[in-house]
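> Let's see this in three dimensions:
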Amino acid sequence: MRKSPVHLTLVLLLNLLPFTIFAQTDTSFVSHAVTDALKQYRTAVGVHAHLYNGPEYYVPVKSYVKGHQFYQDKIYQNGTVKYDGAWFEDVPMLYDLMQDELVIVNHGSGQPQRLVKSRVDAFKLHGHTFIRLQADSTNGLSIQPGFYDLLYSGEVQVLMKREKTLFERASTEGMEGEYRDASKFYLVKDGIYHPVSNKRSVMRVLQDQKKPLNKFASANKLRFRKERESAIVKIARHYDSLQQ
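Numbering: from 1, shown residues only. The predicted model follows:
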């Protein structure tokens, strides 16, 4: 039977302990070896233990619904999460876009578990960085609290509230359903969150550079309808370059 890293590390630790008691020579080497073994053991066993304190996660399965409610993939993918101010790496996770919940696997029960949202500062998944925002009347907009995809951060920021909604209907063959994208975009300028959805709304926020931005958009054939995410990010990045 193949031994787990935890088991092997524990064996190493136990084998070293007698030397810490009886060895009379090379005590420095033994001390360092035990310290390293303890470090490896704690890493293997407890590096993620702090995460496993959230409530159980459960979503009823509806066989007639097409798609899924997760960000990009319904299979757990390794990500990084900042929880209670500390970063935890290589954590298998899912991001539920309907419930705005970060889901991990409890190492003890093997069951899905929600992380306590108020304790998650940020996380990285599928190459994207998500930050948690709270509604604040001082920011000029009562934004929906939750996780936001930080698409671009400079003098201006581009945020995306990734969301999905479940659309269900009755048909002659029974119930039908599908998950639909309901994401929203925000431009953050001078500390104010502006909802944007098309080229006009973006230019309204960045109106101090409207003429060169329009020229840039035309020259680069930016498609705000079909490729909104890319277009808004490119405009924001170009806006910052004009400020230099």
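> For residue 88, list each beta-bridge partner.
Taking DSSP bridges as the rule, residue 88 bridges to residue 81.
> can you pull the pLDDT of residue 172?
Looking at residue 172, its pLDDT is 87.
> where do the strands sit along this protein?
In the chain, the segments counted as strands under DSSP state E are 65-66, 77-83, 86-96, 101-105, 112-114, 120-125, 128-133, 146-153, 157-161, 164-171, 174-181, 184-189, 192-196.
> For the second one, buried residues please.
Judged by neighbour count (16 or more other Cβ atoms under 10 Å), strand 77-83 contains these buried residues: 77, 79, 81-83. Placement of C-beta: from N, CA and C, glycine included.
> what's the spacing between stretch 214-233 and its chain's center?
26 Å (Cα atoms, centre = their mean, to the nearest Å).
> related to what we said a few turns ago, now distance to residue 231 too, for the strands of the chain, in a markdown table please.
Formatted as a markdown table, the strands of the chain follow (distance: least, Cβ to Cβ, whole Å):
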| stretch | distance to residue 231 |
| --- | --- |
| strand 65-66 | 28 |
| strand 77-83 | 27 |
| strand 86-96 | 24 |
| strand 101-105 | 28 |
| strand 112-114 | 34 |
| strand 120-125 | 23 |
| strand 128-133 | 17 |
| strand 146-153 | 11 |
| strand 157-161 | 10 |
| strand 164-171 | 21 |
| strand 174-181 | 16 |
| strand 184-189 | 10 |
| strand 192-196 | 10 |
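> so which of these gets nearest residue 58?
Among those, strand 112-114 comes nearest to residue 58, with 7.3 Å by Cβ to Cβ.
> Give the buried residues for that closest one.
112-114.
> Closest to residue 102 out of those residues?
residue 114 (7.1 Å).
> correct me, but that closest one touches residue 53?
No: using Cβ atoms under 8 Å as the test, residue 114 is too far from residue 53 to be in contact (10.4 Å).
> Where does pLDDT dip in the protein?
Applying pLDDT under 70 to the chain flags residues 1-48, 136-142.
> domains for it, by residue range?
Domain ranges of the chain: 5-46, 51-195, 197-244, per automatic domain parsing.
> Of all the strands of the chain, which one is nearest residue 218?
Evaluated with Cβ to Cβ, those place strand 192-196 nearest to residue 218, the distance being 18.4 Å.
> List the buried residues for that closest one?
193-194, 196.
> And stretch 60-78, by the same measure?
So stretch 60-78, judged by 16+ other Cβ under 10 Å, has buried residues 65, 68-71, 77.
> One more: stretch 177-187?
Residues 179, 185-187 are the ones in stretch 177-187 that count as buried (16+ other Cβ under 10 Å).
> measure it end to end?
This stretch, stretch 177-187, spans 32 Å end to end (Cα to Cα, to the nearest Å).
> Run the chain-centre distance for that stretch.
On Cα atoms, centre = their mean, the centre of stretch 177-187 falls 17 Å from that of its chain.
> same deal with stretch 93-101?
For stretch 93-101, the separation from the chain centroid amounts to 9 Å (computed by Cα atoms, centre = their mean).
> Go ahead and name everything in contact with it.
57, 59, 69-71, 73-74, 76-79, 81, 102-104, 112, 114-115, 117, 123, 125, 130, 146-147, 162-166, 179 (Cβ atoms under 8 Å, 6 or more residues apart in numbering).
> Can you tell me which of the buried residues of stretch 60-78 is closest to residue 213?
residue 71 (29.6 Å).
> Now for that closest one: which residues touch it?
94-95, 97, 125-126, 162.
> ChimeraX command for the buried members of those residues?
The command below creates a ChimeraX selection of those among those that count as buried (16+ other Cβ under 10 Å):
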select :94,95,97,125,162
